[in-house]
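>>> Below are the sequence and a predicted model; questions follow.
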Amino acid sequence: MAGDSGRRTDRARVTRRQFLTAVAAVGAGTAAARWLPGRAAEAAALAALRRGGTLRIAEIGEPLTLDPTATTADLTSTITLPIFEELFAFDANWNVRPFLADGYTLSKDGLRYTFTLRKDVSFHNGKKLTADDVVASLNRWGRVSPRGPSVYANVDAVSAGPGTVVMKLKAPFAPLLAFLALPNGAAAIMPKEILDAAGTQPLKQFVGTGPYKFVEWAADRHVHLTRFDQYAARPGAASGYAGRKDALADDIFYYPVSQVATRIAGVQSGDYDIADGINQDAYVQLAKDPRLDVGIIPGSFLTFFFNKRQGMMVNEKLRQAVATALAMQPIMSATFGNPSLYTIDPSIYPKGTPWYTTAGAAMYDVHNVERAKQLAKEAGYSGQPIRWLTTQQYDYMYKSTVVASSQLQAAGFKVDMQVMDWASVLDHRNKPADWDIFVTSHGFVPDPALITVFNAAYPGWWETPTKNELFKEFTSETNQGKRVQIWAKLQALMYQEAAIVRPGAFNLLEVSRKGLPGFRASYWIVPWNVQAVK
């Protein structure tokens with residue numbers, strides 16, 4: 001029933017406004033303001049931008065896959081963002097807005113969602129979007145995505161009707177639309193016949209509904225996309241990942257450039273238009289460069305994931321020992337340099353948001369070496385090497401691993417730091433026999449249920465009876481006040497069971513050519529509505 005969905009949307013808007021207030025409070029208000037497109041003046045400016053040319057984006061390396069559903073790797077999400085679309089999308093204020101769905105209704109008991117589909121949408125292969133494509137896409141997402149199983153554990157059935165898709169739930173699931181909107185481990189909509197051919201294996205054809213279509217993936221050279229001339233743009237102003245998408249550039253090339261200095265130099269020289277994954281300690285220098293715009297993207301946090309499925313880190317006490325040995329200030333300072341670009345706080349969410357909580361703080365940033373040694377002894381640790389996966393392609397991942405490894409060694413642990421390209425990290429972290437810890441990060445998401453550590457299918461595989469019961473309670477509760485209270489318990493449990501180590505929060509950096517028309521820095525780079533220089 002639409003009345004129920006409207007009431008929930010109003011509650012979500014309060015949360016998003018509070019988030020933006022928090023962003024301003026931590027000194028990144030300017031960056032957040034750049035993510036507020038859709039004003040009349042900006043709409044007029046967009047209309048004045050010319051079409052044509054090539055947009056050139058330097059990325060941190062080679063993607064492991066271009067299947068947007070099968071991985072939460074941000075590199076894959078960024079490159080496939082213009083190719084694939086979902087039923088819903090997040091706008092600039094993190095509100096969920098219909099995208100391939102024209103709208104939806106929700107039954108009074110919260111168990112039946114009916115999605116009405118847009119009628120004017122074509123796939124890149126010329127086929128019209130149908131309800132059968134959506135059902136096939138959602139069902140595959142439920143099987144192969146690191147995120148989908150968290151939802152599908154609560155799904156009774158998904159069925160197609162004339163221009164509609166019905167999802168029946170076993171119990172209310174408050175964050176459903178947020179899951180469907182997230183373009184990461186995404187519920188991307190694809191042709192049914194391609195999904196039937198792929199099954200649960202990696203995609204071999206990359207066919208979506210987005211403003212750009214796939215042309216070529218030349219390994220170690222580039223991924224090439226070109227404008228989809230039959231694209232059915234959604235009406236309305238562009239906003240975040242939602243609203244109107246205009247493919248201004250004829251072509252987009254994503255180049256794998258593993259060295260951050262080379263990415264920066266390439267934008268400075270004009271070889272690239274945009275570079276991703278810039279080291280934070282270069283911010284002051286880059287901000288003074290007249291050739292560059294430096295974009296600040298707030299809301300990320302650094303994470304060290306433990307392998308809780310196989311190997312020594314299955315032992316909770318050993319995980320607690322590792323967490324207890326670490327000092328967060330030296331890790332964050334050495335990794336990010338500029339104090340204005342990172343914070344040390346036990347809360348996953350920033351102050352001012354409804355999700356902010358210090359629950360679990362007693363187990364955060366303990367740095368008690370003697371206690372860590374005692375816990376390790378109780379866990380039966382006897383000097384076995386801890387296999388830690390890391391990469392130099394993300395500067396912060398390598399730096400944080402070096403500092404944390406040094407701290408662990410000082411506490412009596414032996415660390416085998418395995419440095420490899422990011423695609424290899426992604427490959428190995430999916431294999432429980434290959435690792436004990438890996439380093440990564442997580443961007444801001446509007447609902448904590450989207451945070452990967454709480455999804456049992458994500459590498460690290462946190463699945464205990466207490467966590468599963470609490471997560472189910474959190475997702476089935478529709479009262480926002482009660483959800484906030486349950487979230488505090490979930491965060492505390494994350495520290496108590498040492499599911500991950502979370503040293504602190506930080507801001508991401510991107511650089512672009514000075515005054516690149518239409519471009520705004522964003523967590524996953526938005527290349528539509530951007531005018532190419534060449």
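Nice, I can see it. Note that the coordinates shown come from a computational prediction; the quantities given were computed from them, not determined experimentally.
>>> Tell me where the stretch 301-450 of the chain has helices.
316-325, 328-336, 369-378, 395-410, 422-429 (DSSP state H, counting those that start in this stretch).
>>> Please identify the deepest-packed of these.
A comparison of those by mean neighbour count, using mean count of other Cβ atoms under 10 Å, puts helix 316-325 on top with a mean of 23. Any C-beta I mention is one placed from the backbone N, CA and C, and that applies to glycine too.
>>> and the angle from that one to helix 369-378?
160 degrees (axes from the mean of the first three to the mean of the last three Cα atoms, to 10 degrees).
>>> could the helices of the stretch 301-450 of the chain go into a markdown table alongside distance to L195?
Shown next, in a markdown table, are these (distance: least, Cβ to Cβ, whole Å):
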| stretch | distance to L195 |
| --- | --- |
| helix 316-325 | 37 |
| helix 328-336 | 40 |
| helix 369-378 | 47 |
| helix 395-410 | 33 |
| helix 422-429 | 22 |
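>>> Walk me through the domains of this protein.
34-273, 297-507 (automatic domain parsing).
>>> Output the strand ranked longest in the chain in CSV with nothing but the alpha carbons.
The residue-count maximum for a strand in the chain (DSSP state E) belongs to strand 292-306. Only the C-alpha atoms of strand 292-306 are listed here, as CSV (Å, rounded to 0.1, in the frame of the first residue of the first chain):
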residue,chain,number,x,y,z
LEU,A,292,43.6,20.2,-10.7
ASP,A,293,40.4,20.0,-8.8
VAL,A,294,40.6,17.8,-5.7
GLY,A,295,37.4,16.1,-4.6
ILE,A,296,36.8,15.0,-1.0
ILE,A,297,34.4,12.2,-0.5
PRO,A,298,33.6,11.7,3.2
GLY,A,299,32.2,8.7,5.1
SER,A,300,34.7,5.8,4.5
PHE,A,301,36.3,3.7,7.2
LEU,A,302,39.3,1.4,7.2
THR,A,303,38.8,-2.3,8.0
PHE,A,304,41.0,-5.3,8.7
PHE,A,305,38.8,-8.5,8.1
PHE,A,306,39.4,-11.7,9.9
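>>> So which of the domains of the chain is nearest K288?
Shortest distance between K288 and the domains of the chain, using Cβ to Cβ, is found for domain 34-273: 12.3 Å.
>>> roughly how far out does the closest one sit from the chain middle?
13 Å (Cα atoms, centre = their mean, to the nearest Å).
>>> Over to stretch 267-278?
Taking mean C-alpha positions (Cα atoms, centre = their mean), stretch 267-278 and its chain are 22 Å apart.
>>> Then stretch 418-425?
19 Å.
>>> Next: stretch 356-373.
For stretch 356-373, the distance to the chain centre is 26 Å (Cα atoms, centre = their mean).
>>> now stretch 498-513
On Cα atoms, centre = their mean, the centre of stretch 498-513 falls 11 Å from the chain's centre.
>>> Any idea how far apart the tips of it sit?
Criterion Cα to Cα, to the nearest Å; first-to-last residue distance in stretch 498-513 is 42 Å.
>>> Enumerate the positions of it that are buried.
Residues of stretch 498-513 classed as buried: 498-513 (neighbour count, 16 or more other Cβ atoms under 10 Å).
>>> re the thing from before, quick check: can you name the pairing partners of the longest strand of the chain and their directions?
strand 437-442 (antiparallel), strand 500-501 (antiparallel), strand 505-513 (antiparallel) (DSSP bridges).
>>> now those strands as CSV including mean pLDDT and distance to K317?
CSV is the format used below for the strands paired with strand 292-306 (pLDDT from 0 to 100; distance: least, Cβ to Cβ, whole Å):
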stretch, mean pLDDT, distance to K317
strand 437-442, 98, 16
strand 500-501, 98, 15
strand 505-513, 97, 27
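>>> In a markdown table, list those along with distance to T390.
Shown next, in a markdown table, are these (distance: least, Cβ to Cβ, whole Å):
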| stretch | distance to T390 |
| --- | --- |
| strand 437-442 | 5 |
| strand 500-501 | 14 |
| strand 505-513 | 16 |
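>>> which stretch among those strands comes nearest V403?
Closest of those to V403 is strand 437-442, at 11.0 Å (criterion: Cβ to Cβ).
>>> need the next SSE after the closest one, C-terminal direction.
The helix or strand immediately downstream of strand 437-442 is helix 465-476, counting by DSSP states H and E.
>>> Give me the helices and strands touching that following helix, please.
Identification of packing neighbours for helix 465-476 by 3 or more Cβ pairs under 8 Å, 6 or more residues apart in numbering; DSSP states H and E yields helix 480-496.
>>> contacts for the helix it packs on?
With Cβ atoms under 8 Å, 6 or more residues apart in numbering as the contact definition, helix 480-496 has outside contacts at 11, 15, 174, 323, 346-348, 354-355, 357, 359-361, 363-364, 448, 453-454, 466-467, 470-471, 473-474, 477, 499-500, 502.
>>> circling back: lowest mean pLDDT across the domains of the chain, which one is that?
Mean pLDDT is lowest for domain 34-273 among the domains of the chain, at a mean of 93.
>>> Any idea how far apart the tips of stretch 134-153 sit?
Using Cα to Cα, first and last residues of stretch 134-153 are 19 Å apart.
>>> Could you check it and say which residues are buried?
For stretch 134-153, by 16+ other Cβ under 10 Å, it's 134-142, 144-153.
>>> Which parts of the stretch 1-150 of the chain are helices?
For the stretch 1-150 of the chain, the helices defined by DSSP H, counting those that start in this stretch cover 2-25, 29-33, 40-48, 74-80, 131-144, 148-152.
>>> so Y283 touches E510, yeah?
No. With contact defined as Cβ atoms under 8 Å, Y283 does not reach E510; the gap is 11.3 Å.
>>> shared neighbours, the two?
By Cβ under 8 Å, 6+ apart, the residues touching both Y283 and E510 are V294.
>>> Let me see the contact set for the residue lying closest to G266 once chain neighbours are set aside.
In space, and not counting its chain neighbours, G266 is closest to Y272: 4.1 Å by Cβ to Cβ, 6 or more residues apart in numbering. With contact taken as Cβ under 8 Å, 6+ apart, Y272 is in contact with 56-58, 255, 257, 263, 266.
>>> what residues does stretch 171-178 touch?
Contact with stretch 171-178 is made by 8, 88, 96, 104, 109-111, 113, 151, 154, 167, 169, 445-447, 449-450, 475-478, 483, as judged by Cβ under 8 Å, 6+ apart.
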